[in-house]
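S.K.: got a sequence here, can you build the structure:
(2 chains, ligands or ions: 2)
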Amino acid sequence: MTMLAVKDIDVYYGNIQALKGVTVTVEEGEIVTLIGANGAGKSTLLKTLSGLLKPKSGSIEFLGNSIAGKPAQGIVKSGISHVPEGRRVFANLTVEENLELGAFLRKDKKGIEADMKKVYDTFPRLLERRKQMSGTLSGGEQQMLAMGRAIMAKPKLLLLDEPSMGLAPLMVKTIFEVVKDINEQGTTILLVEQNANMALSVASRGYVIETGKVVLSGSADELQSSEEVRKAYLGGH
Amino acid sequence: MEIIQQILNGISVGSIYALIALGYTMVYGIIKLINFAHGDVFMLGAFIGFYAITQFQMNFFVALIFSMAITALIGVLIERIAYKRLRNATRIAALITAIGVSLLIEYGFIYIRGAQPEAYPDVFGRQSVSLFGATIDMKAVLILSVSVILMLLLQFIVHKTKTGKAMRAVSHDTEAAKLMGINVDNTISATFAIGSALAGAAGVIFGLYYTKIDPLMGVIPGLKAFVAAVLGGIGIIPGAMVGGLILGLVETFVSAIGFSLWRDAAAFIILILILIFRPSGIFGKNSREKV
Ligand SMILES: Nc1ncnc2c1ncn2[C@@H]1O[C@H](COP(=O)(O)OP(=O)(O)O)[C@@H](O)[C@H]1O
Ligand SMILES: [Mg+2]
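M.R.: Ligands and ions are numbered 1, 2, ... in the order given. Below you'll find the model as predicted:
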């Protein structure tokens, strides 16, 4: 079943067009990756999906309902959580308070508690640091917190924007294992990465974006063996 | 025990400044605006309390809460009508608007009711209590208790409630707060409501303490509370409390040692000194308690 259907959207920053007729679909249960160079428009697409930006034209359907131009609050409620580029944890709040805010729209106290426990099981580091101001966490820990915070909303679709950015290789591995885990537990994932190797190793399908346009799409295997992708994003081997 | 009495006076005045400064600092923390109309909300609070007691025969404490409720509403209206559309405008545009709102409230109020002052009802008379041999005016005790209770309540709201957490989140990163499903408009309104209610309470206890109120009474205390907020570190809640108390104590001592004419100048000398030597205020940049 199609979870997300983005059709032919145009997105602008003022007069500058950042996305040009982008079409992307995500099926339920998948991990789909968007790869592309810096400035290609990957973050812009995620921000449009989560309601931070509004498309000028085109349509976005999530589980059959149009969400294009809806406010962010409504989109979170309908089941999309966005882990933004650069983590953006609330540095002035504790780890636990950050997680609580992830569940801001939920009313089921029991469920929230259970999910908090699940997040701590997934990221034991966060449990150790739960009373600590999140601004004092390391980059990897902040990434864990940002992901944990998004999971607290109990999303059906998780948008991840460059989770591996700036992290040590070992931490990147941990994060990608968690991404797979989250997916196996039933959350569909749209993963933006510059680390194309890693991304294609966990994803089932992918899209390549260049200067605001989708230039290539296909299964992860197809993309991995494509000459263009190898040259541009996989270091050319 | 002259000194204890002076300290108590200083703390009383200081807690009035602190209550006003909190609103400045909370609003600055969340939308980076120096709300120059804040001193006028304080003035309106004093008058609402005055009318509540004299016209509606309300008990002092009921009048205090009534005034807080109305000033909270006024604060929200000011934000929704005047400031909201300027969220993405330049800071200077917002600042000029705030000054405009301030003048509008002051002279609009004078236009409606005239500029004459009012004598605040002396609801507690000359009651006093004695402490360590000093006779302490009942009013000072009352001001102190009200301020402490309100500040504790504020700490509770900011740290323990959902709204408080949302306020801190929005002040740190509005966009990330939206991704949590936080309604940013409502959170900003809540901040204005709380800050204005504290100013309203400050207005009522100011009336009780100084016994005279008038439509321009918000100007000087407003400026001083702004100094207190900057002194503590603008945007930092405990900073506003500490800054207010320091300012009250300094002023009282400047008067007590015979320089009462310099009392008002003290605040501005402090402002100049902080801006030169420590522009980020006592609690400085690294503090985490931003709202
Ligand atoms: N806030 C903004 N204002 C104006 N232009 C922007 C803004 N954010 C991104 N852009 C531009 O939009 C294009 C796409 O950016 P982005 O989506 O962040 O790329 P990516 O995430 O793929 O690196 C870039 O050319 C970038 O300069
Ligand atoms: Mg990006």
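S.K.: quick one: low-confidence parts of chain A?
M.R.: Counting by pLDDT under 70, the ranges of chain A that qualify are A:235-237.
S.K.: and for residue 91, the neighbour number?
M.R.: Chain wasn't specified; assuming chain A. For residue A:91, the count of nearby residues is 17 (other C-beta atoms under 10 Å in any protein chain shown). For glycine as for every other residue, the C-beta is placed from the backbone atoms N, C-alpha and C.
S.K.: think we crossed wires, I meant chain B
M.R.: Residue B:91: 11 surrounding residues under other C-beta under 10 Å.
S.K.: got the phi and psi for it?
M.R.: Per-residue torsions, residue B:91: phi -60, psi -40 (degrees, to the nearest 10).
S.K.: list the buried ones in the helix or strand hosting residue A:127?
M.R.: For residue A:127, the host element (DSSP states H and E) is helix A:124-128. Applying a neighbour-count criterion of 16 or more other C-beta atoms under 10 Å in any protein chain shown, the buried positions in helix A:124-128 are A:125-126.
S.K.: which bits of chain A sit near chain B?
M.R.: When proximity is defined by C-beta under 8 Å from any C-beta of the partner chain, chain A lies next to chain B at A:50-52, A:71-73, A:76-77, A:81-82, A:84, A:88-93, A:97, A:100-102, A:104-105, A:133, A:135, A:149-150, A:153.
S.K.: among these, which are located in strands?
M.R.: A:81-82 (DSSP state E).
S.K.: can you select the buried ones from the residues of chain A next to chain B in PyMOL?
M.R.: Of the residues of chain A next to chain B, the buried ones can be selected in PyMOL as follows, counting by 16+ other C-beta under 10 Å:
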select buried, chain A and resi 50+51+52+71+72+73+76+81+82+84+88+89+90+91+92+93+97+100+101+102+104+133+149+150+153
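S.K.: helices - which of the residues of chain A next to chain B land there?
M.R.: Using DSSP state H, A:72-73, A:76-77, A:97, A:100-102, A:149-150 are the members of the residues of chain A next to chain B that sit in helices.
S.K.: most widely separated two among those?
M.R.: Using C-beta to C-beta, the pair of these lying farthest apart is A:77 and A:97, separated by 20.7 Å.
S.K.: now stretch A:222-232, how far from the centre of its chain.
M.R.: Here the centre of mass of C-alpha atoms in stretch A:222-232, compared against the chain's by C-alpha atoms, centre = their mean, to the nearest Å, lies 23 Å away.
S.K.: was I right to think residue A:4 contacts residue A:64?
M.R.: No. Using C-beta atoms under 8 Å as the test, residue A:4 is too far from residue A:64 to be in contact (10.4 Å).
S.K.: residues near residue A:185, how many?
M.R.: Residue A:185 has 10 neighbours, counted by other C-beta under 10 Å.
S.K.: residue B:119 too?
M.R.: Number of residues near residue B:119 (other C-beta under 10 Å) recorded here: 11.
S.K.: contacts only, for the residue nearest to residue B:99 when sequence neighbours are not counted.
M.R.: When the adjacent residues along the chain are set aside, residue B:99 lies closest to residue B:36, with 5.0 Å between them (C-beta to C-beta, 6 or more residues apart in numbering or on different chains). Listed by C-beta atoms under 8 Å, 6 or more residues apart in numbering or on different chains, the contact set of residue B:36 reads B:95, B:98-99, B:101-102, B:222.
S.K.: buried only: go through those residues for me.
M.R.: Among the contacts of residue B:36, those classed as buried by 16+ other C-beta under 10 Å are B:98, B:101-102, B:222.
S.K.: quick check: of those residues, which lies closest to residue A:218?
M.R.: Ranked by distance to residue A:218 (C-beta to C-beta), the buried ones among the contacts of residue B:36 are led by residue B:98 at 55.6 Å.
S.K.: distance of that closest one relative to residue B:77?
M.R.: 14 Å (C-beta to C-beta, to the nearest Å).
S.K.: before we move on, which element is the closest residue to ligand 2 within chain A in?
M.R.: Residue of chain A nearest ligand 2, by C-beta to the ion: residue A:43 (3.2 Å). Per DSSP H and E: residue A:43 is located in helix A:42-49.
S.K.: strands of the chain, start to end?
M.R.: Looking at chain A here, since you left the chain open. If DSSP E is used as the criterion, the strands of chain A fall at A:2-13, A:16-27, A:31-35, A:57-62, A:65-66, A:80-83, A:157-161, A:188-193, A:205-210, A:213-219.
S.K.: to clarify, I was referring to chain B.
M.R.: For chain B, the strands defined by DSSP E cover B:118-119, B:128-131, B:134-137, B:212-213.
S.K.: who in chain A is up against ligand 2?
M.R.: Selection of chain A residues close to ligand 2 by C-beta under 5 Å from the ion yields A:43, A:85.
S.K.: show me what the lengthiest helix in chain A is packed up against.
M.R.: Identified as the longest helix of chain A according to DSSP H is helix A:169-184. Using 3 or more C-beta pairs under 8 Å, 6 or more residues apart in numbering or on different chains; DSSP states H and E, the elements in contact with helix A:169-184 are strand A:31-35, helix A:139-151, strand A:188-193, helix A:196-202.
S.K.: measure the residue nearest in space to the middle of chain A to ligand 1 for me?
M.R.: Centroid-nearest residue in chain A: residue A:160, 1.6 Å away (criterion: C-alpha atoms, centre = their mean). Noted for residue A:160: a distance of 12 Å to ligand 1, by C-beta to the nearest ligand atom, to the nearest Å.
S.K.: just list whatever residues bridge to that residue.
M.R.: Beta-bridge partners recorded for residue A:160 (DSSP bridges): residue A:83, residue A:191.
S.K.: wait, doesn't it sit right on residue A:178?
M.R.: No. With contacts counted by C-beta under 8 Å, residue A:160 stays clear of residue A:178, the gap being 10.2 Å.
S.K.: mind listing the shared neighbours of those two?
M.R.: Shared contacts of residue A:160 and residue A:178, defined by C-beta under 8 Å, 6+ apart, comprise residue A:147.
S.K.: ligand 1 contacts on chain A?
M.R.: A:13, A:16, A:18, A:36, A:38-44 (C-beta under 6 Å from any ligand atom).
S.K.: stretch B:87-94: end-to-end distance?
M.R.: 8 Å (C-alpha to C-alpha, to the nearest Å).
S.K.: what mean pLDDT does it have?
M.R.: The average of the pLDDT scores along stretch B:87-94 is 92.
S.K.: any part of it near chain A?
M.R.: No. Against chain A, stretch B:87-94 shows no contacts by C-beta under 8 Å from any C-beta, the least distance being 11.7 Å.
S.K.: stretch B:226-246 now?
M.R.: No. Contact of stretch B:226-246 with chain A (C-beta under 8 Å from any C-beta) is absent, the minimum separation being 10.1 Å.
S.K.: off-centre distance for that stretch?
M.R.: Distance of stretch B:226-246 from the chain centroid (C-alpha atoms, centre = their mean) equals 10 Å.
S.K.: per-residue confidence averaged over that stretch?
M.R.: The average pLDDT within stretch B:226-246 is 94.
S.K.: over to stretch B:5-13?
M.R.: The model assigns stretch B:5-13 a mean pLDDT of 90.
S.K.: to the chain's geometric centre, what's the distance from that stretch?
M.R.: That offset, for stretch B:5-13, works out to 17 Å (C-alpha atoms, centre = their mean).
S.K.: check stretch B:215-225 too.
M.R.: That offset, for stretch B:215-225, works out to 10 Å (C-alpha atoms, centre = their mean).
S.K.: ok, now stretch B:113-132?
M.R.: Distance, stretch centre to chain centre, for stretch B:113-132: 19 Å (C-alpha atoms, centre = their mean).
S.K.: residues in contact with the residue in chain B that ligand 1 sits nearest to?
M.R.: Among all residues of chain B, residue B:175 sits closest to ligand 1, at 10.2 Å; criterion: C-beta to the nearest ligand atom. Residue B:175 makes contact with A:52, A:84, A:88 under the criterion C-beta under 8 Å, 6+ apart.
S.K.: any idea of the pLDDT on it?
M.R.: Per the predicted model, pLDDT is 97 at residue B:175.
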